[in-house]
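Chemist: Everything below, folded, please.
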Amino acid sequence: MQPPPPAGETSAPGAIGRLAALGIVLVTNAIPVYGVLRLNWSVTNVLVMYWLENLLVAVFTCLRIATHRRLTHKRGHWRSGQLGSSSNGKPSKGGLLGEYATVAFVFTLAHGLLVAVIALLLASRHPQDPLWQFSWDAFRQGALMLSLALAAGFVADLPGMRSRSFAWIKAQVQQRIGRVLVLHLAIIFGMAAMAATDSPLGILYVLIGLKALWDVALTRVVAAPVPGQPPRWLLKLGDRLGKDKGGAAAMAEQWKAGIEAAGRQAIEDEQVVRA
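Modeler: So this is what the prediction gives:
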């Protein structure tokens, strides 16, 4: 039997919160479309803008974590290994903020170097075509609009931050890590496809559409509870491959123990501590 959820809000925001999140998603995804259609942004600028969005999302996520930690003093903020990353075989230290910042910024900055190299190669292949050339003016325009949109999302979260549970902020962080990985892959494969076809706009609009659908879908995601028993196919696999270790019965016991440990940990994460 699973423990009751901790007091306060969890990963599912209220109706107003969902509408605000959806509004921010629609605005951020409209920016590159507006840039291409009205401001004559190049394809290279839009792809670099996607990378910049990942960087800004990481910055504002760190601000959310730090603000939530300061307002709530939830114990989970200081526990190691919240996101499952490790260093030298041991859970990463630094709490939720340190662990997320390390993963997000190291990955994003390293990927930025790759994006820069690919953008330069694409521009060099089409030196006379403005659709492939990077513009610092367009970059500044996009950076300003993205910063304002994401800042508005952060400000919208502030009024209810004190009453939010640690489960809520952890779910927000996990969701953003998944989004960053997907968007990085979209940038890489999108650039590769454009380089191979020399036809930027069609593929660009497909990428914009897929990214928008993904972002909208994430605003409606609610984590499902873990079932109390392993699925039947997993139990059968345990009987087939692990008979000498207790088979399905041992697997069911380990599953139950894992759920109970996670439940205890979730309750401890919600405890308030004072420095």
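Chemist: my guess is residue 60 meets residue 154, correct?
Modeler: Yes. Using C-beta atoms under 8 Å, residue 60 is in contact with residue 154, at 4.9 Å. To be clear about C-beta, it is placed using only N, CA and C from the backbone, and glycine gets the same treatment.
Chemist: Find the nearest non-adjacent residue to the residue nearest the centre of the chain, please.
Modeler: The residue lying closest to the centre of the chain (C-alpha atoms, centre = their mean) is residue 176, at 1.4 Å. Spatial nearest neighbour of residue 176, chain neighbours left out: residue 61 (5.1 Å); criterion: C-beta to C-beta, 6 or more residues apart in numbering.
Chemist: Could I get the CA-only coordinates of the helix or strand residue 258 falls within as PDB?
Modeler: Using DSSP states H and E, residue 258 maps to helix 247-269. Taking Å, rounded to 0.1, in the frame of the first residue of the first chain, the C-alpha atoms of helix 247-269 are listed here in PDB:
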ATOM      1  CA  GLY A 247      11.900 -15.700  -9.200                       C
ATOM      2  CA  ALA A 248       8.700 -13.700  -9.300                       C
ATOM      3  CA  ALA A 249       8.100 -13.900  -5.500                       C
ATOM      4  CA  ALA A 250      11.500 -12.300  -4.800                       C
ATOM      5  CA  MET A 251      10.900  -9.700  -7.500                       C
ATOM      6  CA  ALA A 252       7.500  -8.800  -6.000                       C
ATOM      7  CA  GLU A 253       9.100  -8.400  -2.600                       C
ATOM      8  CA  GLN A 254      11.800  -6.100  -3.900                       C
ATOM      9  CA  TRP A 255       9.300  -4.100  -5.800                       C
ATOM     10  CA  LYS A 256       7.200  -3.600  -2.700                       C
ATOM     11  CA  ALA A 257      10.300  -2.700  -0.600                       C
ATOM     12  CA  GLY A 258      11.300  -0.200  -3.300                       C
ATOM     13  CA  ILE A 259       7.900   1.500  -3.200                       C
ATOM     14  CA  GLU A 260       7.900   1.700   0.600                       C
ATOM     15  CA  ALA A 261      11.400   3.200   0.600                       C
ATOM     16  CA  ALA A 262      10.400   5.700  -2.000                       C
ATOM     17  CA  GLY A 263       7.300   6.600   0.000                       C
ATOM     18  CA  ARG A 264       9.400   7.100   3.200                       C
ATOM     19  CA  GLN A 265      11.900   9.200   1.300                       C
ATOM     20  CA  ALA A 266       9.100  11.400  -0.300                       C
ATOM     21  CA  ILE A 267       7.700  12.000   3.200                       C
ATOM     22  CA  GLU A 268      11.100  13.000   4.500                       C
ATOM     23  CA  ASP A 269      11.700  15.300   1.600                       C
END
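Chemist: which parts of it are buried?
Modeler: In terms of neighbour count (16 or more other C-beta atoms under 10 Å), helix 247-269 has its buried residues at 247-248, 251-252, 255, 259, 263, 266, 269.
Chemist: Out of these, which is nearest to residue 108?
Modeler: Distance to residue 108 across those (C-beta to C-beta) is lowest for residue 269, with 26.4 Å.
Chemist: which one is the closest one nearest to, not counting chain neighbours?
Modeler: In space, residue 269 is closest to residue 76, 2.9 Å off (C-beta to C-beta, 6+ apart).
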